Each structure stands twice: as structure tokens, then as C-alpha cells.
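>>> Got a predicted model here, sequence first, then my questions.
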Amino acid sequence: MPKIVTAKRREEEMERARLYLKSRLMLPTIPLGMVALLAGYGGIVMMWVQDDLSPGAVYGSTVLLLFGALWGWGHARYERYLVTICPEYLARKLKLLDAAKEYKRVGKSVSVSGPVHQGRRFVWAAYAVGVCSQFAMTAYFVDQVGAYPAFFLPWAGYFNAKIIFWRNLFSS
């Protein structure tokens with residue numbers, strides 16, 4: 001009997017974790033991805049209208065978008081890993097946010113510590129490398145593509161890759 005109860009509880013936690021990702025992370029991602037895509041490629045279109053578009057600008061915008069997509073794919077992979085390995089962490093976050101939304105006091109049983117898994121320190125290093133390399137690429141390509149595309153295209157790639165990778169959240 002304990003195995004059935006444990007499996008059912010684990011299943012419920014995974015469903016709450018998926019609900020947390022869907023409602024708190026993915027739904028805001030869709031408009032952010034669209035705005036970033038329009039702002040980034042809007043700057044490229046303005047370069048084309050003003051006859052300033054060069055092969056370097058096209059190359060730079062493509063690299064920025066692909067780098068952002070790679071970063072978003074990696075982040076979505078990590079979120080998927082969290083859902084499968086420690087869904088209780090994301091389920092706790094949903095419980096905390098729902099309690100705050102309804103102005104309820106959270107019980108003492110709900111801890112706010114981070115996810116416990118192997119490679120937790122590696123994740124922090126990967127986040128730091130991703131953010132620093134995005135800023136470095138933005139600074140490098142700002143002269144070739146302009147300020148708006150250099151800033152918004154990596155974010156467009158990031159948000160759209162997360163949407164594409166998590167599209168099964170919306171279909172189920």
C-alpha cells in the first residue's frame with residue numbers, strides 16, 4: 001500500500017510542478033518572446049529600409065538569435081530535469097505563490113530551500129557563464145547590428161526556444 005500512495009503523491013507533485021511552469025513561467029514568456037522578436041528584427045528592418053543592412057549585420061543577428069535559442073533550450077532542459085528529478089521543489093513554489101495570492105499564512109512544513117540534486121553548483125556556474133556571454137556578445141555585435149537588435153535578439157531566441165521546447169505543456 002505505501003508504494004501506491006507514494007507513486008500517487010509523486011504524480012500529483014509532478015502535475016503541480018507542470019502547472020507551476022505553465023502558469024508562472026511559460027504564459028509570461030509568450031508575450032515577452034514576441035515583443036523581443038519584433039523589437040529585434042524591427043531594428044534589422046530599419047537598417048534595411050535605410051540601406052544600412054550589410055552581410056555582417058545579417059550574420060550578427062543570426063548569431064545573436066541562435067545563441068539566445070541555445071541558452072533558452074538549455075534553461076528549458078534544466079526545468080524539465082527539475083520536473084522529473086525533484087518536482088516537489090516546483091510544487092512547493094506553486095503552493096507558496098498560491099498562498100500569497102490568497103493572503104494565507106504558509107505552514108511551517110513548506111520549506112523555501114532550493115532544489116536538491118547533483119550538479120546544483122554547476123547550474124549556478126552555467127547561469128553565470130550564460131549571462132556573461134550574452135552581455136559579451138551583445139557588446140561585440142552592437143556596432144554591426146545596432147543597439148535594439150543586439151539587445152533584443154538573444155532574448156527573442158531565449159524566450160522562443162523555451163516556448164518551443166515546452167509546447168507539450170500547452171497541448172496536455
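Yep, that arrived.

>>> show me what contacts residue 81?
residue 117 (C-beta atoms under 8 Å, 6 or more residues apart in numbering). C-beta here means a position set from N, CA and C on the backbone, and glycine is covered the same way.

>>> Any figure for the gap between it and residue 115?
Residue 81 sits 9 Å away from residue 115, going by C-beta to C-beta, to the nearest Å.

>>> tally of neighbours for the nearest residue to residue 59 once chain neighbours are set aside?
Leaving aside its sequence neighbours, residue 59 sits nearest to residue 144 (C-beta to C-beta, 6 or more residues apart in numbering; 7.8 Å). Applying other C-beta atoms under 10 Å, we find 19 other residues in the vicinity of residue 144.

>>> got it, and residue 93?
19.

>>> Please look at it and residue 20 and confirm they touch.
Yes - using C-beta atoms under 8 Å, residue 93 is in contact with residue 20, at 5.7 Å.

>>> mind listing what's buried in stretch 69-85?
Of all the residues in stretch 69-85, those buried under the rule 16 or more other C-beta atoms under 10 Å are 69, 71, 72, 73, 74, 75, 76, 79, 82, 83.

>>> Out of these, flag the one nearest to residue 34.
residue 72 (14.0 Å; C-beta to C-beta).

>>> which element is the closest residue in space to that closest one that isn't next to it in sequence on?
Counting by C-beta to C-beta, 6+ apart, the nearest residue to residue 72 once its immediate chain neighbours are dropped is residue 161, at 3.2 Å. Assigned by DSSP states H and E, residue 161 falls within helix 147-165.

>>> Check which residues of that helix are buried.
Here helix 147-165 shows 148-163, 165 as buried, counting by 16+ other C-beta under 10 Å.

>>> Distance from the chain centre to that helix, please.
10 Å (C-alpha atoms, centre = their mean, to the nearest Å).
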